[in-house]
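**Student:** this is the structure alone, sequence omitted:
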């Protein structure tokens, strides 16, 4: 047979097969009797090199390799939300139903349920001109997600027929389009190759913040909708908790969470927690807007390489509906390691630290699929990508961190020293940066408070001064500092311990609204101003350090959202009278 | 090939002997003219060793060793030999392909037994009559089948229970260094570990990789004294045993553990020591295959490889047992950024780090809490599991001790007089914390109540308003003298 090759070499996830003439790069093949799924990554004469997405134990030279003629693709349509998939979009719960508690090989499942009927509501009428991306109807997929049914990107013509409102499965024909080459039947289900980005219109500047409910992110190093961010940090510095917090509390419409080569229990954690948690904005279950891709560290390494592409293609599909999508990839280092492993088995010439020379271009290509764009339907949609990076030994000079930092616009640097003293999130405020700061500033001024940028600069200045003073203290001790500087230390300490620090495991503190953040910051800066005024009057620093209101100030984060306005007003008033009313002792 | 075809083939193939070893390099051999070696297949290598090296006419004796196919080509196979390539020649050596991947025979009878690095019985007792033969590589647990571990294990060690809580199904390694008492600590955990208010079937699987006979005997004697030996399965690869066996022995041990946990419903504690020796063996193979090295010569896939061991800890919905792993590894030169502890820390759910400084001060257990972590702690503690103030107490202990240690550095430069009254309290706190909270006897089994009580006693030495990490109502309820 023309499209059947034979295995001639097996080493780990890399298989070579001959008699493969006609095969194309990145086509999917089925290897061996168990029809293990693989992808062609190199061609030479009639020999194809294949990376196999499943365990290759037991393969024998001579085993069959069957070409499918199609590239690695994902299925898109109603039924994707709330699912948990492996790296090549196989539903893990269905694998479990078929194969039991352990993942064995050769599972053939469809990504989207073919039997479930969805209530389709048409929004376009027959006779209209449609092109790729045009929305022709919708399905209420979950309480919060209205799944818009679009014409596939490569179809253009006149809508010849569209069904009436009713229940349909994803592969039933719901419409037909008369194109220049003939009639095309449209179903709700679409396929798209993962390594190619879906077409989009004009790109916009990301100037709307992606609000996360995390104070250090929103107020100090803001992320923008359509932006890119990296969280690098050694083990135990809180990458995963940060990613989970972002997945939970970001004000995105859709969240795609890619667990790439990480712990199994972490995915289980998400699986057990998300269906319980409510989105503070919509009030609905978080799981109802989330798609999970889980390829844990002990699952096949090639599928790990594919998992980030599977994730971002699903994200693009929802972006095309006009949604703001946030994608978390934890961890991109494991993805890079998968590239390295495959590259090593191909005996390619290594670049830095054994990583392939194309590491930088692959990373750039992935992050570039983020952005805030005009969709083909004319709406605005965005994908924000937040990648965790796991640098060996916590050393940021390694290739994955460095190549990532050249691309992303937000750098949240995790710090082992802060983590050791349980200052979480352990984001180092002196090393981190956000290039979206200026861009999102108008939004904050308009929506929250017009002094936002000035306040943020003032707070940052205080923290910077504190760091400089700490160096001096190391030489002369704290008592030798002038009173004014001691006031700076007091002010900065409050911001550091009670604003920057945020307890992800506390029911109240886990999410902080932008208005509450703004008020906390304003009152804390006011506290510092009052201290400095009092010091200028000649009031002893020791007395100022002992003010009663400090305890209330340090617990502002724990005040519930619905109570904070009145409670903060009380704290502010008491602070004004206690510190402002102090007189110099004779 | 289908399963049946493979079985037929396996039977046929066992009788085929290849005498075409063309290359021996380090732990690897290349067998030529083999067209159909299965990837991962187990091979039996028969070598002829002269009875008298000086007199070839004295004849030969036959030695059998096990190996595994690492690479299969259309015309040859690369095989790693577990028991070493010593005395192997390219002339008389014959190789048989056994038609299956590495298996370990499991049965209830494995409890109380000792096995070698290739899974053969090594205590002189009868062979195990296997109930089932399991592939030693196991299969990944489906994340949707995992049950999130949240059952508190009381180890009786304050720094672990109070600040880095271990839960059932966790993998929590001990990062140690040469000369530090990691073995005592592991043995103490094995001895004292229990789940509050429950009497359940437990077992210990002990896997030694390249440790000395003395260290191994320490564990065996400890298990014997506490009566745990009958409930233990021992896998021993000692320092003078072939190093390549270390690649498979943890996998055999975990196959036994999975059987005990998921088939027999036991709660299994797996001690793997020393993972550093495992990683060295991995590097040896990679070097012999001339692979492109990652950091410090370790293979680029070491993360994935270690994960296939560590990720076999856990719990599964609807199954009674659990696997809790305590791997021990010695950090070369106490360097936590070395690839072995580094990659381990990225996979395991926390780490217990031992400190040479504390050890020098004579403090046992010398657990340096600051770099320690238990990722599963939050879910395993609190009102219904330990006590409602547990999390706050732990956070406060951490930040107060960290601050106290900072002042220690400062005092070394500027002297104690330069500190404020408040700062001096923290400085003292660090000392008392080490002396009373960290330090305990190697047979001292503290309850969680005692541990938390001790924490509150220490807090009473600090100014009350400094207890910022603790909810007000807990301060009122638990602070002595309130």
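**Tutor:** Perfect, thanks for sending it. Everything numeric in this text was worked out from a predicted model, so none of it was measured.

**Student:** can you give me the buried ones in stretch A:400-419?
**Tutor:** The neighbour-count check on stretch A:400-419 (16 or more other Cβ atoms under 10 Å in any protein chain shown) flags A:400-401, A:403-405, A:407-416, A:418-419 as buried. (Each C-beta comes from the backbone N, C-alpha and C, glycine too.)

**Student:** out of those, who's near chain B?
**Tutor:** The subset of the buried residues of stretch A:400-419 within reach of chain B, counting by Cβ under 8 Å from any Cβ of the partner chain, consists of A:416, A:419.

**Student:** so of the buried residues of stretch A:400-419, which ones are in strands?
**Tutor:** Residues of these located in strands (DSSP state E): A:410, A:411.

**Student:** near chain A, which residues of the stretch 101-250 of chain B are found?
**Tutor:** B:101, B:135, B:137-149, B:169.

**Student:** just how off-centre is stretch A:208-223 within its chain?
**Tutor:** 14 Å (Cα atoms, centre = their mean, to the nearest Å).

**Student:** how far does that stretch stretch from one end to the other?
**Tutor:** Taking Cα to Cα, to the nearest Å, the first and last residues of stretch A:208-223 lie 9 Å apart.

**Student:** cool, stretch A:130-148 as well?
**Tutor:** One end of stretch A:130-148 sits 15 Å from the other (Cα to Cα).

**Student:** flag every buried residue along it.
**Tutor:** Across stretch A:130-148, burial judged by 16+ other Cβ under 10 Å covers A:130, A:132-139, A:141-142, A:144-145, A:147-148.

**Student:** for that stretch, what is the average pLDDT?
**Tutor:** In this model, stretch A:130-148 has a mean pLDDT of 95.

**Student:** and if you look at stretch B:248-262?
**Tutor:** On average, stretch B:248-262 scores 96.

**Student:** okay, and which of the buried residues of stretch A:400-419 map to helices?
**Tutor:** Judged by DSSP state H, those include A:400, A:401, A:403, A:404, A:405, A:416, A:418, A:419 as members of helices.

**Student:** how about the contacts made by the first one?
**Tutor:** Contacts for residue A:400 were tallied using Cβ atoms under 8 Å, 6 or more residues apart in numbering or on different chains; they are A:332, A:333, A:336, A:355, A:359, A:363, A:389, A:391.

**Student:** secondary structure added to those residues, as CSV?
**Tutor:** Listed next are the contacts of residue A:400 as CSV, based on DSSP: H, G, I helix; E, B strand; the rest coil:
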residue, secondary structure
A:332, helix
A:333, helix
A:336, helix
A:355, coil
A:359, helix
A:363, helix
A:389, strand
A:391, coil
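
**Student:** looking at those residues, which one is closest to residue B:256?
**Tutor:** Among the contacts of residue A:400, residue A:333 lies closest to residue B:256 (Cβ to Cβ), at 32.7 Å.

**Student:** and the residue nearest to that closest one when sequence neighbours are not counted, its phi and psi?
**Tutor:** Leaving aside its chain neighbours, residue A:333 sits nearest to residue A:390 (4.0 Å; criterion: Cβ to Cβ, 6 or more residues apart in numbering or on different chains). Phi and psi for residue A:390, reported as degrees, to the nearest 10, are phi -110, psi 80.

**Student:** touching, residue A:390 and residue A:331? I think so.
**Tutor:** Yes: with contact defined as Cβ atoms under 8 Å, residue A:390 reaches residue A:331; the gap is 4.6 Å.

**Student:** mutual contacts of these two, please.
**Tutor:** Shared contacts of residue A:390 and residue A:331, defined by Cβ under 8 Å, 6+ apart, comprise residue A:239.

**Student:** the more surrounded of the two?
**Tutor:** Per other Cβ atoms under 10 Å in any protein chain shown, whichever of residue A:390 and residue A:331 has more neighbours is residue A:390, with 30 against 27.

**Student:** state the distance from the more buried one to residue A:396.
**Tutor:** For residue A:390, the distance to residue A:396 equals 11 Å [Cβ to Cβ, to the nearest Å].

**Student:** what do you get for residue B:181?
**Tutor:** For residue B:181, the distance to residue A:396 - Cβ to Cβ - is 34 Å.

**Student:** identify each buried residue in stretch A:578-586, please.
**Tutor:** Applying 16+ other Cβ under 10 Å to stretch A:578-586 flags A:579, A:582 as buried.

**Student:** correction: the previous question concerned stretch B:213-225.
**Tutor:** If you call a residue buried by 16+ other Cβ under 10 Å, then stretch B:213-225 has these buried ones: B:215, B:216, B:218, B:219, B:220, B:222, B:223.

**Student:** show the contacting residues for the first one.
**Tutor:** Think residue B:215. With Cβ under 8 Å, 6+ apart, residue B:215 has these contacts: B:183, B:208, B:273.
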